[in-house]
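A.B. asks: Predicted model, plus sequence, below.
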Amino acid sequence: MNISASGTGPETPALSADALTVRFGGKTALSEISLSIPRGRVVSIIGPSGCGKTTLLRCFNRMNELLPGAVTTGTVCLNGVDLHGERIDPVEVRRRIGMVFQQATLFPKSVFDNVAFGPRASGYSGDLHVLAEEALTAAGLWSEVAEDLDAPAMELSAGQRQRLCIARTLALKPDILLMDEPTSALDPTATARIEATIHSLKSDHTIVIATHNRAQAARLSDLTGYLDRGELLEYGPTETLFTNPRKRRTEHYLTGRIS
């Protein structure tokens, strides 16, 4: 079944969840999550450690089902299509909804081979060098690696490795880009470069970020959701949530009384 963005109306959310619940071995990790993510926006999911941010992101591209004991109920839709429908290929879901993890996990290969790996595996028939340049440029890395694409990826700095992971995901042309704490292990300079990259990607991608960094969410996001104990307590425009939260627990988290 086609789950691409073509043919959907402007009112159709890029990504949505309804009554989404996840349990691991009988323990509830997420409870009745419902939200709608408009196309071309940056959305941050914030909340205390262990509140379910990563689990929620992994619901969006069906990665939780790879974990033993995980049970998911409710619906997740991409471009209005139920991603758990009988005719939906989970591999295609994970290609259309790419994910960048907290720790940069690269292949022990060259910079070029890291970017080209996914397209090669999916049977891409175009010019891989052109594709690699496009992806590396979009990730803000091309000018730093263009002269030595054969260099080992593991020799890059931590910030460069994370941007290479972004480029590797972008090479598969995803509709949605999920980022799980993408700057938590980086210094301020590298963090600023990643944030600049996220800003530049917004025009062509819908981006969902799980972050513990409240200031980062305020800087980057159009919309923000506050998760607490597996429940989505608030979700809406970032400025409104940060300046006029409706729930006391949200206010306590934003003011540092809950960490």
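C.D. replies: Noted; the coordinates are in hand.
A.B. asks: Which residue, other than its chain neighbours, is closest to the residue most central in space within the chain?
C.D. replies: Per C-alpha atoms, centre = their mean, the C-alpha nearest to the average position across the chain is that of residue 178, at 0.8 Å. The shortest distance from residue 178 to any residue other than its chain neighbours is 4.3 Å, reached at residue 99 (C-beta to C-beta, 6 or more residues apart in numbering). From N, CA and C alone the C-beta is placed, and that goes for glycine too.
A.B. asks: now swap in residue 46 and tell me
C.D. replies: Take residue 46 and drop its neighbours on the chain: the residue closest to it by C-beta to C-beta, 6+ apart is residue 217, 5.1 Å away.
A.B. asks: what's whichever strand or helix holds that neighbour packed up against?
C.D. replies: Residue 217 belongs to helix 214-220 when elements are defined using DSSP states H and E. Other elements packing on helix 214-220 under the criterion 3 or more C-beta pairs under 8 Å, 6 or more residues apart in numbering; DSSP states H and E are strand 42-46, helix 188-201, strand 206-210, helix 238-243.
A.B. asks: list the contacts for the residue nearest to residue 178?
C.D. replies: For residue 99, the contacting residues are 57, 58, 61, 63, 169, 177, 178, 179, 180, by C-beta atoms under 8 Å, 6 or more residues apart in numbering.
A.B. asks: how many neighbours does the fourth one have?
C.D. replies: The burial metric for residue 63, expressed as a neighbour count using other C-beta atoms under 10 Å, is 19.
A.B. asks: right, and it touches residue 94 too?
C.D. replies: Yes: counting by C-beta atoms under 8 Å, residue 63 touches residue 94, with 7.0 Å between them.
A.B. asks: and the contacts of residue 99, which are buried?
C.D. replies: Under a neighbour-count criterion of 16 or more other C-beta atoms under 10 Å, the subset of those counted as buried comprises 57, 58, 61, 63, 169, 177, 178, 179, 180.
A.B. asks: So which of these belong to strands?
C.D. replies: Filtering these for membership in strands, criterion DSSP state E, returns 177, 178, 179, 180.
A.B. asks: what's in contact with stretch 15-25?
C.D. replies: With contacts defined as C-beta under 8 Å, 6+ apart, stretch 15-25 is touched by 28-37, 52, 55-56, 59-60, 64, 67, 69-78, 80, 97, 176, 206, 208.
A.B. asks: next one: stretch 246-258
C.D. replies: For stretch 246-258, the surrounding residues in contact (C-beta under 8 Å, 6+ apart) are 46, 47, 48, 214, 226, 228, 233, 234, 241, 242, 245.
A.B. asks: How far does that stretch sit from its chain's centre?
C.D. replies: Offset of stretch 246-258 from its chain centre (C-alpha atoms, centre = their mean, to the nearest Å): 24 Å.
A.B. asks: about what we covered before: now do the helix holding residue 217, average pLDDT.
C.D. replies: Helix 214-220 shows a mean pLDDT of 95 in the predicted model.
A.B. asks: Please compute how far it lies from its chain's middle.
C.D. replies: Taking mean C-alpha positions (C-alpha atoms, centre = their mean), helix 214-220 and its chain are 15 Å apart.
A.B. asks: Past it, which element shows up next along the chain?
C.D. replies: The element immediately downstream of helix 214-220 (helix or strand, assigned by DSSP H and E) is strand 223-228.
A.B. asks: Grab the nearest non-local neighbour of residue 116.
C.D. replies: The shortest distance from residue 116 to any residue other than its chain neighbours is 4.7 Å, reached at residue 128 (C-beta to C-beta, 6+ apart).
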